[in-house]
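**Student:** Here is my input; please provide its structure:
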Amino acid sequence: MKRRQAIQKGVLATGSLMLLREAAASQSADIISSPVAAFPLVISTWAPNVKANAAAWEILKKGGRALDAVEAGVRVPEADPEDTSVGYGGLPDRDGNVTLDACIMDEKGNCGSVVFLQHIMHPISVARMVMEKTPHVLLAGEGALQFALQNGFQKENLLTPKSEQVWKDWLKKSKYDPMETIRHMKKPEDERSKGGIDNHDTIGMLAIDQNGNLSGACTTSGMAFKMHGRVGDSPIIGAGLFVDNEVGAATSTGVGEEVIRICGSHTIVEAMRYGKSPQEACEIGVQRMLKLRKDNIRDLQIGFLAVNKAGEIGAYSLRPGFTYAYRLPDGKDVMKEAKSLLN
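**Tutor:** Sure thing, here's the model as predicted:
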């Protein structure tokens, strides 16, 4: 998927970049090695998603279910036209079509997913409906669209004028390049675009409610200018997201093809099952990927985020630049940058 690792304009405006720098300088910048505090807890990939965390928090603080919280949380970027990698305003494939993928999973092992869905602003809610109203786990393409329309979702044009213009500009060179972000992050901050194609990312969200139950959600418009029909890791249970209420949960970000190769999120949860901390488990996932793929992925970005049943958090990426955000039980937002395997 198209992974854009710069921090959004809104975060810069609120001075959050300074918080991220301070966090990166701290030895505890990418890990909570002890439980954050009493539950609830919500955590998501990428610092700009503090807004999504806030929406999830409104449910959690009232004693609501983690499943309801993660759905409400990720609906925020799905409806945000400024977020060009999720839902409305997402950058299209190379043919100019906005195609969406999403999945959701609860504490009971129930899960639902949609892939290659068009014209529906909130694929995460369709994924939940697949989970709750069908005997299936995943619906794709026209079948997913038909199911959504039959269940009251409205067909909409998700390609905003801004995203359409970016696509038209891309057509002039038609260079298929999933890793613009890596080069972008090497630029001085004042040269990085704010609101451009490289400053957003897919959201993966994990939550623990007041009852100590876990749920997770992941939603994306996928890699910008991808081949028509391409699907990455985000909607794949066990790759982009996995939840086991006895152990913990994990989600991923980065080039989805690489996450799928190692069943990334499931790999991390299983490592926690056998005694690894969330941080150690995330590191195992990235290390395994590099060992398997070697030089094929050295210029790519992949990151993992995990939380265990006790509320310990781990985050790790292949390359620098992966940030995440969480909200503490006292309502405080925390944004940090994960450690990385490569520099």
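
**Student:** Determine how far the last residue of stretch 253-263 lies from the first.
**Tutor:** 13 Å (Cα to Cα, to the nearest Å).

**Student:** quick one: furthest residue from the center of this structure?
**Tutor:** K172 (29.6 Å; Cα atoms, centre = their mean).

**Student:** Next, the buried residues of stretch 227-240.
**Tutor:** 230-240 (16 or more other Cβ atoms under 10 Å). Quick note: C-beta positions are derived from backbone N, CA and C, even for glycine.

**Student:** which residues touch V70?
**Tutor:** 42, 56, 104, 205-207, 215-217 (Cβ atoms under 8 Å, 6 or more residues apart in numbering).

**Student:** no wait, N296
**Tutor:** Contacts of N296 by Cβ under 8 Å, 6+ apart: none found.

**Student:** change it to 10 Å
**Tutor:** Contact partners of N296, counting by Cβ atoms under 10 Å, 6 or more residues apart in numbering, are 258, 289-290.

**Student:** next one: N157
**Tutor:** Contacts of N157 (Cβ under 10 Å, 6+ apart): 88, 98, 118-119, 121, 164.

**Student:** repeat for G96
**Tutor:** With Cβ under 10 Å, 6+ apart, G96 has these contacts: 159, 163-164, 167-168, 171, 225, 228.

**Student:** Now do whichever helix or strand V50 is part of: which elements does it pack against?
**Tutor:** For V50, the element it lies in under DSSP states H and E is helix 50-60. Counting contacts by 3 or more Cβ pairs under 10 Å, 6 or more residues apart in numbering; DSSP states H and E, helix 50-60 is packed against helix 9-13, strand 41-45, helix 66-78, strand 203-208, strand 214-220, strand 323-327, strand 333-337.

**Student:** try 7 Å
**Tutor:** When contacts are defined as 3 or more Cβ pairs under 7 Å, 6 or more residues apart in numbering; DSSP states H and E, helix 50-60 packs onto strand 41-45, helix 66-78, strand 203-208, strand 323-327, strand 333-337.

**Student:** Helices of the protein, start to end?
**Tutor:** Taking DSSP state H as the test, the helices found in the chain are 9-13, 16-25, 50-60, 66-78, 123-133, 141-150, 161-171, 180-185, 256-261, 264-273, 278-293.

**Student:** if we can go back for a sec, now the helix holding V50: how far from the chain's centre is it?
**Tutor:** 15 Å (Cα atoms, centre = their mean, to the nearest Å).

**Student:** Low-confidence stretches in the stretch 51-200 of the chain?
**Tutor:** Applying pLDDT under 70 to the stretch 51-200 of the chain picks out residues 176-200.

**Student:** ok, the contacts of G96 vs P135, which is closest?
**Tutor:** H228 (29.1 Å; Cβ to Cβ).

**Student:** right, and the closest one touches D95 too?
**Tutor:** Yes: contact status for H228 versus D95: in contact at 4.9 Å, counting by Cβ atoms under 7 Å.

**Student:** hang on, the earlier thing: farthest pair within the contacts of N157?
**Tutor:** M121 and E164 (16.4 Å).

**Student:** The two: which is more packed in?
**Tutor:** Per other Cβ atoms under 10 Å, whichever of M121 and E164 has more neighbours is M121, with 20 against 16.

**Student:** Determine the number of other residues adjacent to the nearest residue to the more buried one once chain neighbours are set aside.
**Tutor:** Once flanking residues are discounted, M121 sits nearest to Y88: 5.0 Å by Cβ to Cβ, 6 or more residues apart in numbering. Look at Y88: counted by other Cβ under 10 Å, it has 24 neighbours.

**Student:** Also K291?
**Tutor:** Count around K291 with other Cβ under 10 Å applied: 9.

**Student:** gap between it and C263?
**Tutor:** 15 Å (Cβ to Cβ, to the nearest Å).

**Student:** same thing with S340?
**Tutor:** Distance from S340 to C263, by Cβ to Cβ: 21 Å.
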